[in-house]
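Trainee: coords please:
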Amino acid sequence: MDGFLNVLKPRGVTSHDVVVLVRKLLREERTGHLGTLDPLAVGVLPMACGTYRRLSEYFLGEDKRYFSEFTFGIRTDTGDTDGRVVEEREAQGVRPEQVREAAQRLVGRILQVPPAFSALKVKGKKMVDLARMGIDPERVPREVQVHEFSLQGWLPGARPKGLFSLRVGRGTYVRSLAFSLGDDLGCGAAVSYLLRERSGKFLLRDALTVPALRRLSGEGRVAGALSDSFAVMPDYPVFALRPEALEKVIHGVPLDVGDLAVPAGSRLAAILAEGPFPVRSLVVVDRSGPGGGREIAAVVMIRGPAAIEYEKVLVHQPETENSRLQSDAV
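Mentor: Numbering: from 1, shown residues only. Just a heads-up that it's a prediction; the model follows:
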C-alpha cells in the first residue's frame with residue numbers, strides 16, 4: 001500500500017509503537033514515520049507507506065508547529081515531566097513578562113544542545129539507550145531555527161506553568177527550549193505537555209486516531225485513510241506527464257521538455273524556461289489515472305544538461321491492474 005498517513009499519536013507510547021501498529025493494520029511492513037514524537041507528546045505523526053517511504057528524506061526540511069506547557073521550578077533528566085526530577089528551585093517569583101522576554105531571545109538561528117534522552121546517535125548508538133545505561137553521551141550543539149516562541153497563557157504558583165505556541169525548523173527539540181528558557185530565568189523548566197499541531201502540510205484536524213484506524217481496518221476501508229499525496233507533498237512544482245511518455249519513466253529514460261504537458265504562459269512554463277534546476281530541486285510528475293484520478297508516476301527530478309533526469313522514480317500501475325512497477329534511475 002503506497003501513500004502517506006496522518007496519525008494522531010496518543011500519549012504514553014513511542015512513535016515506533018505507533019508505526020508497528022500501523023504496519024499491522026495496513027499490512028504494509030514498509031511503513032515509517034516522518035518525525036519522532038516523544039512518549040509524552042500527542043498529535044500529528046505523519047507516516048510514509050510502501051514505495052512512498054523512499055520519499056521520507058524530502059520531508060526533513062518541513063517546519064513544525066507545537067502547543068506546549070512548561071512547568072517552571074524543576075529540572076528533569078529527560079527535559080519533560082516523564083523523567084526523574086534532578087533539581088528543584090524557587091520559581092514563585094517568575095513573572096510572565098520575564099518569560100516573554102527570555103523566550104524572544106531564543107527566536108531565530110540558535111545553537112541548541114540536544115537532550116541526552118533522544119534518538120540521535122553517537123558512534124552508532126542512540127543517545128537515549130546510552131542515557132538509560134547511565135552513560136552521559138557527548139552532546140554537540142547544533143544550529144536550529146526557531147520561527148516563533150510565544151507565551152500564550154500563565155498559571156502562577158509555587159510551580160508556575162506557561163502555555164507556549166511554537167513554530168520550529170528541522171531538528172529542534174522543544175525539551176531543549178524548555179531547558180534553555182528555565183536556565184535563562186534561573187529556575188529551571190520542563191515540558192509537561194506537548195501537542196504537535198502541524199508537521200509540514202500534515203494538519204491536526206486531518207489526523208486519524210488509533211481507534212479510528214482500527215475501525216477502518218476492521219471494515220476493510222483503511223486504504224481510504226491515506227492522505228492525498230499531492231496535498232501533503234512539500235511545495236514542489238507539479239508537472240503533468242504526457243501519457244505516451246510514461247514508458248520512458250518506467251524504463252528510466254530521461255524526459256524531454258516536450259514530454260511534459262505544460263500550458264503556454266503558465267508558471268510551470270516559466271520555471272522550465274529559466275534553465276537548469278539547481279541540484280535537488282524537486283519536481284513532482286503526475287498523470288491522469290482511470291476515472292480521472294491523479295496518480296504519482298514519477299517523483300523527484302533534476303534538470304540535466306540536455307534532458308530531465310531522475311533522482312528518484314516511483315512508478316506504479318493502478319491497483320485494479322494488480323501490478324506495481326518500480327524503477328530507480330540515479
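Trainee: For the rest of this, base every contact and every neighbour count on C-alpha atoms.
Mentor: Fine.
Trainee: which ones are touching the nearest residue to residue 151 once chain neighbours are set aside?
Mentor: In space, and not counting its chain neighbours, residue 151 is closest to residue 164: 4.6 Å by C-alpha to C-alpha, 6 or more residues apart in numbering. Contact analysis of residue 164 by C-alpha atoms under 8 Å, 6 or more residues apart in numbering lists 67, 68, 69, 70, 149, 150, 151, 152, 153.
Trainee: And residue 164, which helix or strand is it part of?
Mentor: strand 161-168 (DSSP states H and E).
Trainee: For the longest strand anywhere in the chain, name the packing helices and strands.
Mentor: As assigned by DSSP state E, the longest strand anywhere in the chain is strand 142-155. On a contact count with 3 or more C-alpha pairs under 8 Å, 6 or more residues apart in numbering; DSSP states H and E, strand 142-155 meets helix 96-104, strand 108-112, strand 161-168.
Trainee: Make a markdown table from the ones you listed and add distance to residue 221 and mean pLDDT to it.
Mentor: Listed next are the helices and strands packed on strand 142-155 as a markdown table, based on distance: least, C-alpha to C-alpha, whole Å; pLDDT from 0 to 100:
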| stretch | distance to residue 221 | mean pLDDT |
| --- | --- | --- |
| helix 96-104 | 45 | 98 |
| strand 108-112 | 43 | 96 |
| strand 161-168 | 34 | 98 |
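Trainee: and those, which is most packed in?
Mentor: strand 161-168 (a mean of 20; mean count of other C-alpha atoms under 10 Å).
Trainee: what are the ranges of the helices in the stretch 1-150 of the chain?
Mentor: Under the criterion DSSP state H, counting those that start in this stretch, helices of the stretch 1-150 of the chain are mapped to 15-26, 96-104, 127-132.
Trainee: And the second one, what does it pack against?
Mentor: So the one you mean is helix 96-104. Checking 3+ C-alpha pairs under 8 Å, 6+ apart, helix 96-104 ends up next to strand 142-155, helix 174-185.
Trainee: and the last one, which residues are buried?
Mentor: Of the residues in helix 174-185, those with enough neighbours to count as buried (16 or more other C-alpha atoms under 10 Å) are 174, 175, 176, 177, 178, 179, 180, 181, 182, 184, 185.
Trainee: wait, isn't the second one in contact with residue 115?
Mentor: Yes - at 7.1 Å, residue 175 and residue 115 qualify as touching, with contact defined as C-alpha atoms under 8 Å.
Trainee: who touches both of these two?
Mentor: Residues touching both residue 175 and residue 115 by C-alpha under 8 Å, 6+ apart: 78, 79.
Trainee: Name the spans of this protein whose pLDDT lies under the cut-off.
Mentor: Under the criterion pLDDT under 70, the flagged ranges of the chain are 117-125, 127-131, 133-135, 267-268, 271-272, 274-307, 315-330.
Trainee: And it, split by domain according to the record?
Mentor: Following automatic domain parsing, one finds the domains of the chain at 3-62+201-225, 64-199, 236-321.
Trainee: Now do the second one: distance from first to last residue.
Mentor: In other words, domain 64-199. Terminal residues of domain 64-199 lie 4 Å apart, using C-alpha to C-alpha, to the nearest Å.
Trainee: who's in contact with stretch 54-69?
Mentor: Contact with stretch 54-69 is made by 34-35, 48, 161-170, 191-200, 233-234, as judged by C-alpha under 8 Å, 6+ apart.
Trainee: make it 6 Å
Mentor: Residues from elsewhere that reach stretch 54-69 (C-alpha atoms under 6 Å, 6 or more residues apart in numbering): 162-170, 191-200.
Trainee: List the buried residues in it.
Mentor: 54, 55, 59, 60, 63, 64, 65, 66, 67, 68, 69.
Trainee: which of those residues lies closest to residue 256?
Mentor: Distance to residue 256, by C-alpha to C-alpha, is smallest for residue 55 among the buried residues of stretch 54-69, at 23.4 Å.
Trainee: how close does the closest one get to residue 186?
Mentor: 43 Å.
Trainee: The nearest residue in space to residue 161 that is not next to it in sequence bridge partners, please.
Mentor: Leaving aside its sequence neighbours, residue 161 sits nearest to residue 71 (C-alpha to C-alpha, 6+ apart; 4.6 Å). Beta-bridge pairing of residue 71 under DSSP bridges involves residue 161, residue 190.
Trainee: I'd guessed residue 71 sits against residue 157; true?
Mentor: No - assessed by C-alpha atoms under 6 Å, residue 71 is found out of contact with residue 157, at 10.3 Å.
Trainee: More neighbours: these two, which one.
Mentor: Between residue 71 and residue 157, residue 71 has the larger neighbour count (other C-alpha atoms under 10 Å), namely 23 against 12.
Trainee: Contacts only, for that one.
Mentor: Here residue 71 is in contact with 161, 189, 190 (criterion: C-alpha under 6 Å, 6+ apart).
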